[in-house]
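K.L.:
Structure of the sequence below:
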Amino acid sequence: MSFEAVIGLEVHAQLKTQTKIFCGCSTAFGNPPNTNVCPVCLGMPGVLPVLNKKVVAYAVKTALATHCTLSLISRFARKNYFYPDLPKGYQISQYEEPLAQNGFVEIDVDGHRKRIGITRIHMEEDAGKLTHDPDRGLSRVDFNRTGVPLIEIVSEPDIRSPKEAGAYLKQLRAILCYLDVCDGNMEEGSFRCDANISVRAKGAEVFGTRTELKNLNSFKHVERALALEIERQAEILAEGGSVLQETRLYDPDQDQTRPMRGKEEAHDYRYFPDPDLLPLHLDEAWVTELKKDLPELPRQRRTRLIQAYGLPDYDARILTAERELADYFEDCAKAFPHPKTVSNWIMGPLLGLLNARGVAIQESPVSRENLVALLGLIEEGVISQRIAKTVFEQMAETGRSPKEIVEEQGLVQVSDVKALETAVARVLDRFPEEVKAYHAGKVQLMGFFVGQVMKETKGKANPERVNEILKKHLDG
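P.N.:
Residues are numbered from 1 along each chain as shown. You can find the predicted model right below:
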């Protein structure tokens, strides 16, 4: 029997506010445990929450950017459950009357565009964090994260493969980062995802029994965990068994999913409107102002880069994955008149360097000005492409300008015909057998001769001039 997956994703995005959703405590990551706290976020008796307006603004911007319908009146609710990291015994969220509904995000997978529906976007507060100490057999709780503002973005079950899930998450993260409402840091938990997945026979209309996957803190983990769960559920159904509705944990070390607990339903949380918070009424004029303030979003920017700079879709897709990377490219392309050359250097040497060092484009050791200056030296014939790569590496190590490095180390490209004639003559004298083979028809040896001349000149020879002189000597 052939099966297909039905996947829906629940994304929790931490908003980039300086203070929490219902109190004035800091949201800074990495502070000592239990220092970003106050009676409000600790749930002390008699305290009252006060809604952070910036949280609402960021949530509204996200809803507008994902084509959702805003509810001008929404309501906060209490989600009741007991866990040690939840000091009030309930989480303030939104349930029956969320902020926004019925949106979508468009993705591209294998050359095909697909629209993934968004069921709802609502605001809520985060819980604390438990740290387990297996050596001492105890757990510690840190309430710093309690009350940190989140938006939950719930997709429709429109996703049919792990690859589509990865594409959706990357596009959604890019939108949030372009809006500057979330930093998208999956390692620190400011962009995290739970996946609901079921498997059914191909062609069937009824959904299968779903499981929920947790502990998905990277795009790679999301795709791998979904692939494993699809395989597990398909095997159970193929053998005539039944899938249990449960929450499962992905273990990347063991590369497997395993049961965590039974899957809760909404009624288990006993939702009811929060009596300490009035319904939220959005002012239409304020929403209009927020809409005007929306930036150019990833898909729009990709289209513009293709049209304005003549870039291939592949290049534009990579360059617009991060807003800061697109900014870096455009700054360089405005200063250097060959955008494809700029794109090649950014996607090749620069991204290779950043990946090797594990840093973001904002921390690039090669400034925009220095990259443009390097490309200018190549364009003017001062240095060759080969030397440029050496200079680039030294720029990354020292932060110095390419001109300083080239002048200090005498790396100026040799274009003098007399000097190159001498180098070519030496090479041809040294390899008489290869010269005979070339004349006998083995023309691919031209690359060998060019390489030897470059070696003779320590990589400084102008390759175009070398080719011209070699052809004159060998073919003349």
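
K.L.:
Sketch out the low-pLDDT regions of the stretch 351-476 of the chain for me.
P.N.:
Applying pLDDT under 70 to the stretch 351-476 of the chain picks out residues 413-416, 476.

K.L.:
Now do the helices for it: every range, in order, please.
P.N.:
For the stretch 351-476 of the chain, the helices defined by DSSP state H, counting those that start in this stretch occupy 351-357, 368-379, 385-398, 402-409, 417-430, 432-439, 446-456, 463-475.

K.L.:
contact partners of the shortest one?
P.N.:
When contacts are taken as CB atoms under 8 Å, 6 or more residues apart in numbering, the neighbours of helix 351-357 outside the stretch itself are I318, A360, I361, E363, S364, P365, V366, A396. Placement of C-beta: from N, CA and C, glycine included.

K.L.:
Likewise for the second one?
P.N.:
For helix 368-379, the external contacting residues (CB under 8 Å, 6+ apart) are 328, 331-332, 335-336, 338, 341-342, 345-346, 350, 383-385, 388, 391-392, 395, 399, 401-403, 406.

K.L.:
which of those residues are buried?
P.N.:
328, 331-332, 336, 342, 345-346, 350, 383-384, 388, 391-392, 395, 401-402, 406 (16 or more other CB atoms under 10 Å).

K.L.:
hmm, back to that, just the buried subset of the contacts of helix 351-357, written out for PyMOL, thanks.
P.N.:
Applied in PyMOL, the following selects the buried portion of those according to 16+ other CB under 10 Å:
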select buried, resi 318+361+364+366+396
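
K.L.:
Name the member of the contacts of helix 351-357 with the shortest distance to P84.
P.N.:
P84 lies nearest to A360 out of those, by CB to CB, at 34.4 Å.

K.L.:
Could you tell me which residues make contact with that closest one?
P.N.:
Counting by CB under 8 Å, 6+ apart, A360 touches E322, E324, L354.

K.L.:
want to try TSV for the residues you listed, with neighbour count and distance to V453 as columns?
P.N.:
What follows is the contacts of A360, written out as TSV (neighbours: other CB atoms under 10 Å; distance: CB to CB, whole Å):
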residue	neighbour count	distance to V453
E322	19	41
E324	14	41
L354	20	34
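
K.L.:
Just put those in CSV and tack on distance to G203.
P.N.:
CSV is the format used below for the contacts of A360 (distance: CB to CB, whole Å):
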residue, distance to G203
E322, 40
E324, 45
L354, 45
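
K.L.:
Nearest to H267 among these?
P.N.:
Of those, the one sitting nearest to H267 (CB to CB) turns out to be E322, at 41.3 Å.

K.L.:
phi, psi of that closest one?
P.N.:
phi -120, psi 130 (degrees, to the nearest 10).

K.L.:
Distance of the closest residue to it other than its chain neighbours relative to D315?
P.N.:
Using CB to CB, 6 or more residues apart in numbering and skipping residues adjacent in sequence, the residue nearest E322 is I361, 6.3 Å away. Counting by CB to CB, to the nearest Å, the gap from I361 to D315 is 15 Å.

K.L.:
Strands along the stretch 1-150 of the chain, start to end?
P.N.:
Using DSSP state E, counting those that start in this stretch, the strands of the stretch 1-150 of the chain run over residues 3-14, 69-70, 73-74, 77-80, 90-93, 100-109, 112-125, 129-133, 138-142, 149-155.

K.L.:
Could you look over those strands and pick the most buried one?
P.N.:
With neighbours defined as mean count of other CB atoms under 10 Å, the strands of the stretch 1-150 of the chain peak in mean count at strand 149-155, which reaches a mean of 24.

K.L.:
Tell me which residues are up against that strand.
P.N.:
In contact with strand 149-155 (CB under 8 Å, 6+ apart) are residues 8-15, 17, 20-21, 27, 52, 55, 58-59, 62, 66, 93, 105, 116-126, 168, 172.

K.L.:
Look through this protein and tell me its longest helix.
P.N.:
helix 219-238 (DSSP state H).

K.L.:
May I see the buried residues of it?
P.N.:
219, 221-226, 228-230, 232-234, 237.

K.L.:
Check stretch 466-474 too.
P.N.:
Using 16+ other CB under 10 Å as the burial criterion, the residues of stretch 466-474 that qualify are V466, I469, L470, L474.

K.L.:
how about TSV for those, with distance to E296 added?
P.N.:
Converted to TSV, those look like this (distance: CB to CB, whole Å):
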residue	distance to E296
V466	45
I469	50
L470	49
L474	54
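
K.L.:
Next one: the residue lying closest to E4 once chain neighbours are set aside, what pLDDT does it get?
P.N.:
Sequence neighbours aside, K202 is the residue nearest to E4 in space, at 4.9 Å (criterion: CB to CB, 6+ apart). At K202, the pLDDT value in this model is 88.

K.L.:
K202: how many residues sit nearby?
P.N.:
8 (other CB atoms under 10 Å).

K.L.:
Tell me which residue is most central in this protein.
P.N.:
By CA atoms, centre = their mean, the chain has its centre lying nearest to K170, at 5.5 Å.
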